[in-house]
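Q: I'd like to go over a predicted model; first the sequence, then the structure.
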Amino acid sequence: MRRIFLCLLLIFAAPAWAQDLQTVLDANRDQIEKPSRQTIGPVINEIAASGDGAVAFLEAWADRRIGMAEDGRFAIIDGEAAIDAVTGAAVTGDVKALRPNSGVRGLIAAALVPALLADPDISRRRAALDALGRDATAEHLPALRASLDDPDPGLAARKARLERLLTIRFDPDPAARVAAIKGFSGDTSTDLQAALNPLLASSRIAATELPADANVLQQLSVGSDLTRDEAYRLLVDAGLARPRLSDAEQKAALAANLVDGQVGNIPVANLDSPDARDRAYRALAAAGTVPPAASAEDVDAALDSYVFADVYVEPSAEVTDAARATLNGLVFRERAQQGVDLTLDALSLASIYFLAAIGLAITFGVMGVINMAHGEFIMMGAYTGYVAQTFIANKTASLIVALPAAFIVTALAGIVLYRLVIRHLMHRPLETLLATFGVSIALQQLAKNIFGTQARPLTAPDWLGGSIGWGEIVSISTIRVAIFVLALLFLCMFLYITKRTRMGLNMRAVTQNPGMAASMGINPDRVAMLTFGLGSGIAGIAGVAIGLFAQVTSELGQGYIVQSFMTVVVGGVGNILGTLAGAAMIGGLQKGIEVLNPANTLAAQTWMILFIIIFIQFRPRGIFPTRGRFVEG
Amino acid sequence: MLIRKYPSVLIFLAVLAVFTLIVTIMSQAYGTGAIPTSTIKLFGKTLCLALAALAMDVVWGYAGILSLGHMAFFALGGYMIGMWLMYARTEEIVTATLANAPIPPTPIEVQEGIAGQIFGVVGSTDLPLAWSFAGSLQIQLLLVLLVPGIFALLFGWLAFRSRVNGVYLSILTQAMTLALALWLFQNDSGFRGNNGLSGLQNIPGLTDLPQSTISIWFLWASALALGVTYVLASWLVSGKFGSVIRAIRDDEARVRFLGYSVEGYKLFIFTLTAMICAIAGALYYPQAGIINPAELAPIASIYLAVWVAIGGRGRLYGAVIGAIFVSLLSSWFTGGKAPDVNLGFYTINWVDWWQVLLGVAFVLVTLFAPRGLSSIIDAVAGLRHPMRRGKDLGPDLGALREKEAEA
Amino acid sequence: MQGLKRILAGSALGLVLAGGAWAQDDTIKIGVLHSLSGTMAISETTLKDTVLMMVEQQNAKGGLLGKQIEAVVVDPASDWPLFAEKARELISDQGVDAIFGCWTSVSRKSVLPVIEELNGLLFYPVQYEGEESSKNVIYTGAAPNQQAIPAVDYMRDELGVEKWALLGTDYVYPRTTNTILEAYLKDSGTAQDDIFVNYTPFGHSDWSKIVADVVALGKDGKKVGVVSTINGDANVGFYKELAAAGVSADDIPVMAFSVGEEELSGLDTANLVGHLAAWNYFETADTPENAAFIEEWHKFTGNEERVTNDPMEATMIGFNAWVAAVEKAGSTETDAVLDAIVGVEVPNLTGSMATVLPNHHLTKPVLIGEIRDDGQFDIVSETDPVPGDAWTDFLPDSAVLDADWPGKECGMFNTSTNSCVQVQSNY
């Protein structure tokens, strides 16, 4: 930081002895060819100060459009052609492009800020503001203040905001900083916190007495604010006290004073307990061969004679107080926003589980047919989406094709599976379970043989690419919102079909009493087949949706199958609202546990499954149990 | 008595004994050396898998509980014995090293040394609580039975008590396996995460013996365990107890109304078979050499069911045949030794297509040969089963089927 | 008696499924132990092809010691116990003189006891977590000090990262690497609060909360960088979520240790441009050796699209080092080769030399690449060859350890007590 500061001082001092671009480039040829962020700063500033062509050169350099011609001249590459960076003459021959790393590019962008802030081109002004948001220094403040009246109202607002943020960080006048800080109350954005938090950085010190001008955060009392061990370590680290003896040091000291198989008159063979070693060491210390270890009394004395405190790095108490007050004011809002964000995450996860499980809720929940290949239907849907994308380049169009295609492909697969396997195993659920496992194993391997084991890309169209949110904390990616909407759509569609259509009526009739339904002229077999096709088809669409935000592999379905069954079972078999409740519970639980242990996502999954196993033991029929005479024993 | 009722027991034991004898005289340690040690290990491991399949057959084929979690008990048994193997082997190394130092080690230093060696790889030096007894062979052997046993007892008690059965139970057992696997995958659980326990083939105290000898010893132990368990299982399923559990399989509610404690029977059989699986696992992993959480992925338990189904469930020898047949065939196909089939337009490489074949074969067996491979033996013995296929005679659940009524 | 033996042997042939050709005297056999099926197949099949290509080239040059080299390929099917079984088969049944194989740490740990028991020779070509040095293994991939530490240095010095998110898949390589990095960062003055660690399961897909956590790290005004040891497929969802949150490589750079050309070739790289990876080789390395290697590779596979990657280079170096050692020793016998191989120098593909060190690791240059939109890397930093360190210097327990095979005959030598902790490996 300090180095950049110096360099920027140079810029402003520069015009007096500025050199022209050619001279600067020639003098720093090696550095420009292989720049390092740590050393390139002065060179960039020299270039920036070199007048004509400097801005163009720096912009091209940051875009990686600067190259080295065969004769050693620097050239600006423009597509196939290249021109001399200084003279603008055309350059022929091979031009080797220079590739500054992103740290260096950041420095270049920062150096360009003063020049570009008032540029007539709005995109360059925007880029300058982006750069300023990332790497601002004290010297940018005057330039920013000078360009505050931006013709574009959006940019003007951004500039005004940035100006106040930079004031907080760099203005020499504490009163101006305090005013800026207070102006922000109620704002929870990350950049504000990023400006305020460094003001509150503190360091822990130990001293005989506190310096008078110190901006003290708090004085620490040994025993309550920090443990005795911590306090003593602080003293040792500051060189104010003698370190205590570690076990390894003690052992080394004993080994070094081994005489005739004895240490301090204790036979070596007996030194296999900590007590014996302590006695031996004390004996050695008493004889003066080793320095005595710091005793408990020494520690007490040392701790008594020092005070411990946390001291702000920022010298001005007004500034730290204002920053602390503003940040404290944020805490509640921030917590609330985090809570909302977490709820959104949980909702999103729940809708993904719901989408994965809804097909199963139909086949397993309504029909009572257990289909372990359901996960593979999801996978088939995802691969259908991938295949659609390889044929249709336009992402939106391919998605529009992929959704119905996935439905048709998996519905057909479901119908084939039903006709060939499941129909013959009706009323034998365990055998259905095993046979469909066989299908699942075969389908997975088939997918591997056809598409390979590597993940395949399935990319969302750009309008689904970003995120939606309020402020910076509450935000959720658009694709997840789309999945949520899709899940709601399917819920409505399912309710509509079962409650309002002839097909749904037949479906419910066949589920409740196939014999009676058959007597009323319904073909139970055909209805069951179509229902199974519907459930499988929805799995295919879920596959496309899942593939859009995650990876498409042959194991995609496997990851969802256990959770999906749990979702259906937890919710209550045969009840779509139960499935919804089950998905909400599983999603909410998982996110809730993740918050408790953010470092280990795996643990959250483990505990979630465990919790559900226990839940099912106590409510074996789920949240919304099906009642009545058709419940199987 | 048992043998008169079930002559197959005698035949099974005889075949097992002859097989063991032949392998022994052709082994490198005690015979001609015609069979390489790697194959002996393969045989020994296959016998352990057969033992697990036997347990699966008792719990599924006879008691009708389709547990998709028995490989979890198998792996737990392996973990329990693996802990002792790792700890004791490391203890030998650590004490030998520390003995070279001028000052004799304290017990804590020895333990820290062991923990550092075992867990240093995953960045920890503390011995987890679960390893407290790892130094004692007797206790760990007991734990091989107790940990899976108590685990199965607890799980079974919870599940059977709330009348979770049928496919619900299958899914729940699968979820249990998944949860256990995920838990073991975490390094924080103290079982070395994904690396698992390795180097298990080196038996502490027997470091001077070559693997050729150790492998044949394990083969003997596996054969013995299989033989003993086979006799035990035959006795169990043949008497009154066997009648009750088969009755539970066929109509649980009716058995309950007859006054039997259905939950008690199921719990007993579930726990017993879990412990048999644990013994199989404890014999398997010292031969395999490494155990890690992937071993108890849900798919492993499904394969166990596949073996039993293909061999023929409800037949003890069927389960054994199925496990041996499928696992040997599987290692033959995936070993790249099966010849490729050239169809002209496409070459079938069995490494890629074996799983497809297995899946399809499994569906076909479930559909057309519910008795699996053992139906071959049935055909030889002239046994016939009622045909349970064809259309339902009536519209209600459980109605007789056309062919069944004719028989 | 002889007759009985013959009958027994004959029936054994029927019994033994592990048949296979017996060794012929005029060939030298090497084993290839890479998964050709299962989850690891996609990565490992490439290495099998690399070994076969090297064998073909060597045979075209006249073989080794006047004999042809024959590669025995087996498939351990991504099944860890099967690795041990197949390794035993290769050494004791097939009689191979060296094995090229393994990818994951757990597969190496599975094979180690067998290799050490039968005194075999394994060349392990993948970057790994270190903390190991076996007499019978040559580690041709990067140790942590040849990948992780320089990568972190780069992020701190060149990108100005002050706050770290160490994200990894929950298995031993990320765990150990992150433990080492945490210790290293703390040694160099980073506070505990500035390091965020998270572990996710294999194939994880729900990244929204983790990405939000990482973004929130930036609120104390320090530049945040992500060090990713996320494995394989899970990276896809991670980068997608990062892009959806509007985070660019300029805001929060991600340095990946497990994402290379092979992984990128199946991905839409639009979201990844500007993020980083650290390896010892990139396909874009501008040297004549590399150009020749890529050309050979395209010719061998008959596919111009096939990319090359770091483990392939490591396999190539391992093979050439073995050939050089065999020629130097005049024998393929394990102990002779091991004696000869230390100090052998072979050229790598980035224009420097790889030397086999006494700790059975290599010297390797560290390269940092920025991902381009065509799935290749812009090399933005390259160091001189760094000697691989088997036992990291940044963990107190292993800082005192050293490995020195010809000198001290020990892979785990405690320099503070001057004694060999163990000769066989710690599995």
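A: Structure received.

Q: which residues does the nearest residue to C:Asn271 once chain neighbours are set aside contact?
A: With CB to CB, 6 or more residues apart in numbering or on different chains as the criterion, C:Asn271 has its nearest non-adjacent residue at 3.8 Å, and that residue is C:Ala243. Where C-beta positions appear, they are placed from N, C-alpha and C, glycine not excepted. Residues counted as contacts of C:Ala243 (CB atoms under 8 Å, 6 or more residues apart in numbering or on different chains) are A:Gly465, C:Ala270, C:Asn271.

Q: for the last one, which three-state class applies?
A: When the structure is split into helix, strand and coil by DSSP: H, G, I helix; E, B strand; the rest coil, C:Asn271 lands in helix.

Q: hmm, which of the contacts of C:Ala243 are the buried ones?
A: Neighbour counting over those (16 or more other CB atoms under 10 Å in any protein chain shown) leaves A:Gly465, C:Asn271 as the buried ones.

Q: so what does the residue nearest to C:Asn271 look like in phi/psi?
A: Main-chain torsions, C:Ala243, degrees, to the nearest 10: phi -70, psi -40.

Q: please report how far it lies from C:Val226.
A: Separation of C:Ala243 from C:Val226 (CB to CB, to the nearest Å): 13 Å.

Q: host element of C:Asp378?
A: Assigned by DSSP states H and E, C:Asp378 belongs to strand C:377-382.

Q: so what's the residue count around B:Phe185?
A: Number of residues near B:Phe185 (other CB atoms under 10 Å in any protein chain shown) recorded here: 27.

Q: what pLDDT does the closest residue to it other than its chain neighbours get?
A: Counting by CB to CB, 6+ apart, B:Phe185 lies nearest to B:Pro293, which is 4.6 Å off, once chain neighbours are set aside. Listed pLDDT for B:Pro293 reads 90.

Q: for A:Ile392, same thing?
A: Looking at A:Ile392, its pLDDT stands at 90.

Q: just give me the neighbour total for it.
A: Counted with other CB under 10 Å, A:Ile392 comes out at 15.

Q: A:Ile561 too?
A: So A:Ile561, with other CB under 10 Å, has 24 neighbours.

Q: from what I can see it touches A:Asn371, true?
A: No: using CB atoms under 8 Å as the test, A:Ile561 is too far from A:Asn371 to be in contact (9.6 Å).

Q: could you list the domains of chain C?
A: C:18-143+C:305-364, C:145-284+C:368-387 (automatic domain parsing).

Q: now mean pLDDT too, for the ones you listed, in TSV please.
A: Formatted as TSV, these follow (pLDDT from 0 to 100):
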stretch	mean pLDDT
domain C:18-143+C:305-364	89
domain C:145-284+C:368-387	88
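
Q: near chain C, which residues of the stretch 1-150 of chain B?
A: Those residues of the stretch 1-150 of chain B that sit near chain C, judged by CB under 8 Å from any CB of the partner chain, are B:22, B:25-26, B:31-32, B:34-39, B:41-42, B:86, B:90, B:93, B:97, B:100-101, B:116-117, B:120-123, B:125.

Q: narrow these to those in helices?
A: Using DSSP state H, the subset of the residues of the stretch 1-150 of chain B next to chain C located in helices is B:22, B:25, B:37-39, B:41-42, B:86, B:90, B:93, B:97, B:116-117.

Q: just the buried ones among the residues you listed, please.
A: Buried among those by 16+ other CB under 10 Å: B:Ile22, B:Thr37, B:Ser38, B:Thr39, B:Lys41, B:Leu42, B:Met86, B:Thr90, B:Ile93, B:Thr97, B:Gly116, B:Gln117.

Q: which non-adjacent residue is nearest the last one?
A: Closest residue to B:Gln117 apart from its sequence neighbours, by CB to CB, 6+ apart: B:Thr90 at 4.8 Å.

Q: re the thing from before, out of the contacts of C:Ala243, which one sits closest to chain B?
A: Taking CB to the nearest CB as the measure, chain B sits nearest to C:Asn271 out of those, at 27.7 Å.

Q: how close does the residue of chain A positioned farthest from its centre get to A:Ala269?
A: In chain A, the residue that sits farthest from the middle, by CA atoms, centre = their mean, is A:Asp260; the gap is 62.8 Å. Using CB to CB, A:Asp260 is found at 13 Å from A:Ala269.

Q: can you name the residues that contact the residue sitting nearest the centre point of chain C?
A: When chain C is reduced to its mean C-alpha position, the closest residue under CA atoms, centre = their mean turns out to be C:Val126, at 0.7 Å. Contacts for C:Val126 (CB under 8 Å, 6+ apart) come out as C:Cys102, C:Trp103, C:Thr104, C:Gly141, C:Pro311, C:Ala314.

Q: can I assume it sits in a helix?
A: No: C:Val126: not assigned to a helix; according to three-state DSSP it is coil.

Q: outline the domain layout of chain A.
A: Domain assignment for chain A, taken from automatic domain parsing, gives A:2-64+A:99-148, A:203-312, A:349-560.

Q: and the ones you listed as JSON lines, adding distance to chain B?
A: Listed next are the domains of chain A as JSON lines, based on distance: least, CB to the nearest CB, whole Å:
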{"stretch": "domain A:2-64+A:99-148", "distance to chain B": "30"}
{"stretch": "domain A:203-312", "distance to chain B": "4"}
{"stretch": "domain A:349-560", "distance to chain B": "3"}
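
Q: just those: most buried one?
A: Stretch with highest mean neighbour count among the domains of chain A: domain A:349-560 (a mean of 21; mean count of other CB atoms under 10 Å in any protein chain shown).

Q: touching chain C at all, it?
A: Yes: using CB under 8 Å from any CB, domain A:349-560 reaches chain C at A:349, A:352, A:452-457, A:459, A:465-467, A:472-473, A:475-480, A:546, A:549-551, A:553, A:555, A:559.

Q: in strands, which of the residues you listed fall?
A: Using DSSP state E, the members of the residues of domain A:349-560 next to chain C that fall within strands are A:Ser467, A:Ser475, A:Ile476, A:Ser477.

Q: isn't the last one up against A:Ala550?
A: No: counting by CB under 8 Å, A:Ala550 is not a contact partner of A:Ser477; they are 11.8 Å apart.

Q: spatially nearest residue to the residue nearest to the spatial centre of chain B (excluding sequence neighbours)?
A: Centroid-nearest residue in chain B, with CA atoms, centre = their mean: B:Ala52, separated by 3.0 Å. Spatial nearest neighbour of B:Ala52, excluding adjacent residues (CB to CB, 6+ apart): B:Ala280 at 4.3 Å.
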